[in-house]
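1. Structure, please.
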Amino acid sequence: MPIYHTLGIIPAKRHTVFRKPDGKLYAEELVSTEGFSSLYSLVYHCHPPTMVKALGEPYSVEPKIARAKHLRHTSLIGFNIKPEDDYLQSRKPVLVNNDLHISLAAPKRSMTDYFYKNSQADEVIFIHEGTGTLKTGFGKIRFAYGDYLVIPRGTIYQLEFDNEQNRLFIVESFSPIRTPKRYRNSFGQLEEHSPYCERDIKRPSDLETIDAHGDFKVLIKKQGIMYPYIYSTHPFDFIGWDGFHYPWAFSIHDFEPITGRLHQPPPVHQTFEGHNFVICSFVPRKYDYHPLSIPAPYNHSNVDSDEVLYYVDGDFMSRKSVVKGQITLHPGGIPHGPHPGTVEQSIGKESTEELAVMIDPFRPLMLTEDAVAIEDEGYYKSWQS
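-> Residues are numbered from 1 along each chain as shown. Okay, here's the model as predicted:
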């Protein structure tokens, strides 16, 4: 997120002498993206971030593909993913391609015995149920229902949950997650027509410097392999930092919908973008106000993209029998549209309370074994009645 931010203590000039009270030097680290050509932050540690004590045995966490090629409208009942104690073990990839992985998770316990770093992807964690704190060396971010947590690759983090009732919808992006380009000016500032602005962004606060020695386990994911690292100093030993590369959060409840006299196309709901996909937010809004408008979406042929909709809450006038946590996948190549009777029923309605996250990937998604296990096998016939 291109907003300059700083926490803690930093020297007046970068790459200069910066000493601890005992006269020893703090360890400076440049955390950069796309080499030295994109966003970066300068971090100052109590100890060098290279203090590796031991390495564990790597193991695969690659998704197990059950259906690589398919052309069938698909529905997954997301809340059928069973809760598990461990955060990482609870993450179940369901839809994947070479640009992104979509996972569901229902973790019951906070991360206390280890830290996690995704070195292959930015993560967007949508909080469907639960509250807690995202803890990183950059500081802390409180989260609640409806928050998107945006965690750039390379960030070591822990999730601390307030209770055991947690449901997460997770997108791993193999390209940087950004705000939509059409909403930014040449300086990166969100413009007046953007559905949200910098005031809505939650940035890290409450920097806690943990200067400690011991055995600190960091699980690092790279190319589908998990690498257990043991460091001799605490990962959250930041004394200060500044820059543009850090985790941040945005609430779906702060997305201001764009409406019109006639039905607005999905791009007006766009919230984030990555390479070859977009993430959109459907929020409560007024319906179209032309006297002859039809609020229900029209039939749509996805010629060159799949469409994924994750249902969060509220009523969906275009669908029958929608449940919370349901995922629908409408693959490119065949049309989809409102269920029978819903078009007529939508006429004259003034607003909707629906809440959903939509992802349009521009390359086909594959279904994993975890997806097939929670599939509603009759969904493709649901337009018949």
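
2. Any chance of the backbone angles for the nearest residue to His275 once chain neighbours are set aside?
-> With sequence-adjacent residues excluded and distances taken as Cβ to Cβ, 6 or more residues apart in numbering, His275 is closest to Ser175, at 3.5 Å. C-beta: built from backbone N, CA, C; applies to glycine. Backbone torsions for Ser175, taken as degrees, to the nearest 10, come to phi -130, psi 160.

3. what's the answer for Gln89, then?
-> phi -70, psi -30.

4. For Ala106, see how far away it is.
-> Using Cβ to Cβ, to the nearest Å, Gln89 is found at 11 Å from Ala106.

5. more crowded one of the two?
-> Ala106 (24 against 11; other Cβ atoms under 10 Å).

6. wait, doesn't that one sit right on Arg91?
-> No: look at Ala106 against Arg91 with Cβ atoms under 8 Å: they stay out of range, at 9.4 Å.

7. what touches both of these two?
-> Common neighbours of Ala106 and Arg91, counting by Cβ atoms under 8 Å, 6 or more residues apart in numbering, are Leu168.

8. residue ranges of the helices in the stretch 51-200 of the chain, please?
-> 87-90 (DSSP state H, counting those that start in this stretch).

9. Name the spans of it whose pLDDT lies under the cut-off.
-> For the stretch 51-200 of the chain, no stretch is flagged by pLDDT under 70.

10. Can you show me the strands along it?
-> 52-55, 59-60, 65-67, 74-77, 92-96, 100-105, 115-118, 122-129, 132-136, 139-143, 147-151, 156-161, 167-173 (DSSP state E, counting those that start in this stretch).

11. ok, the residue nearest to Arg67 when sequence neighbours are not counted - how many residues close by?
-> Distance criterion Cβ to Cβ, 6+ apart; nearest residue to Arg67, sequence neighbours excluded, is Leu367 at 4.1 Å. Other residues near Leu367 come to 23 when the count uses other Cβ under 10 Å.

12. List the contacts of Leu367.
-> 65-67, 70, 74, 94-95, 329, 375.

13. Now rank these by neighbours and give me the top one.
-> Val94 (28 neighbours).

14. which residue sits closest to it in space, ignoring its chain neighbours?
-> Leaving out its chain neighbours, the residue that sits closest to Val94 by Cβ to Cβ, 6+ apart is Ala371, at 3.8 Å.

15. got the contact list for that neighbour?
-> 66-67, 74, 76, 94-95.
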